[in-house]
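**Q** need a structure here:
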Amino acid sequence: MTATALERAERRKAWAFALPALLWTGFFFLVPFAYMAAISLWTRQGREIVATWTLDNYIAFFEKAHLFKGLVVSLEITAAVTVISVLLAYPLAWIIAERVPKKWQRFALVMAILPFWTSYVVRSYSWLLVLSKGGVVNQALLALGIIAEPLELSANRTGTIIGFVHFFVMLLTLTIYANLIQLSPNYRRAAADLGANAFQTFWHVVLPLTLPGIMVGAFLTFVLCIGDYITPQILGGNNELVLPQVIMLQLGRRADFPMAAALSLVLMVVVTLAYIACARWLKMERT
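**A** Residues are numbered from 1 along each chain as shown. Got it, this is the predicted structure:
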């Protein structure tokens with residue numbers, strides 16, 4: 001058999017292995033996505049969904065303040081959660097990678113990801129109990145005399161951010177730790193030989209080399225946070241609606257499927273733009 005025939009046989013074999021995954025993706029993602037995109041161009045007239053091809057739903061998104069505000073609130077919360085989570089996760093990952101003995105690092109990572117072992121809904125309700133006016137935090141602060149009356153830590157944006165950060169710090173810790181343990185100590189030795197102090201070594205050597213791990217975790221945090229419905233619904237108190245909550249209102253209360261589809265596509269566009277912005281670091285490879 002010639003080399004060309006072997007290449008063709010290998011190519012056919014590769015397509016045969018990939019075909020089930022391609023069919024699955026096409027049937028369960030591309031087809032529903034195309035249908036949702038089509039519905040987003042329809043309109044709701046009374047109780048009927050009319051297949052009139054128009055951009056009215058997208059125009060209404062920008063013209064109606066309560067719809068556009070949902071996206072703004074989502075971006076503000078997501079940005080705050082991402083920044084806070086990175087600032088908390090990096091020191092934790094560094095301590096596990098650099099200060100914890102290697103034989104104990106696996107145990108430390110297990111302890112770090114314990115929140116993943118509990119139900120997402122249960123975890124959110126647990127934070128609601130902790131942050132409520134009669135919760136552990138307020139009761140402790142009152143007992144210590146730090147505050148005179150309970151703080152509003154739940155049913156607002158603060159509670160939502162705390163609930164999110166608790167979850168995503170662990171995710172970012174894993175991605176940053178994975179980069180830190182691959183970092184050769186020779187880089188730091190070389191920087192020290194060139195006269196760099198500890199901060200200069202971190203800022204000019206360690207941080208740039210671990211940036212891919214930070215960006216992977218930050219992107220995952222952004223995607224999961226901006227599309228989350230459960231945590232804002234439980235801890236946010238419906239005082240500020242994020243975009244997923246607005247979408248659910250269009251479905252549950254108004255049965256406006258075209259508008260819900262349009263808002264969902266707007267959310268997908270935002271996530272796509274975030275990926276494009278992070279693509280440089282997501283594809284970075286250390287040489």
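**Q** now stretch 252-265, how far from the chain's geometric center?
**A** In terms of CA atoms, centre = their mean, to the nearest Å, the centre of stretch 252-265 is found 22 Å from the chain centre.
**Q** what do you get for stretch 16-32?
**A** Computed by CA atoms, centre = their mean, the chain-centroid distance of stretch 16-32 equals 25 Å.
**Q** average pLDDT for it, rounded please.
**A** On average, the pLDDT along stretch 16-32 is 89.
**Q** just stretch 250-268 next, same as before
**A** Here stretch 250-268 scores 92 as its mean pLDDT.
**Q** who's in contact with that stretch?
**A** 36-37, 39-44, 47, 49, 57-58, 60-61, 67, 70-71, 74, 226-227, 243-244, 246-247 (CB atoms under 8 Å, 6 or more residues apart in numbering). Just so you know, the C-beta spots here come from the backbone N, C-alpha and C atoms, and that holds for glycine as well.
**Q** not counting its neighbours along the chain, what's nearest Val242?
**A** Distances taken as CB to CB, 6 or more residues apart in numbering place Ser74 nearest to Val242, at 4.3 Å, with adjacent residues excluded.
**Q** over to Glu98?
**A** Computed as CB to CB, 6+ apart, the closest residue to Glu98 that is not its neighbour in sequence is Leu180, at 7.1 Å.
**Q** pretty sure the one you found contacts Ile95?
**A** No: assessed by CB atoms under 8 Å, Leu180 is found out of contact with Ile95, at 10.1 Å.
**Q** more crowded one of those two?
**A** Legend: neighbour count by other CB atoms under 10 Å for Leu180 and Ile95, higher for Leu180 (18 against 13).
**Q** contacting residues around that one?
**A** Leu180 touches Ala93, Trp94, Ala97, Glu98, Thr210, Gly213, counting by CB under 8 Å, 6+ apart.
**Q** and the two most separated of the residues you listed?
**A** Longest distance between any two of the contacts of Leu180 is 14.3 Å, between Glu98 and Gly213; criterion CB to CB.
**Q** so those two - more neighbours on which side?
**A** Neighbours were counted for Glu98 and for Gly213 using other CB under 10 Å; Gly213 has more, 25 against 12.
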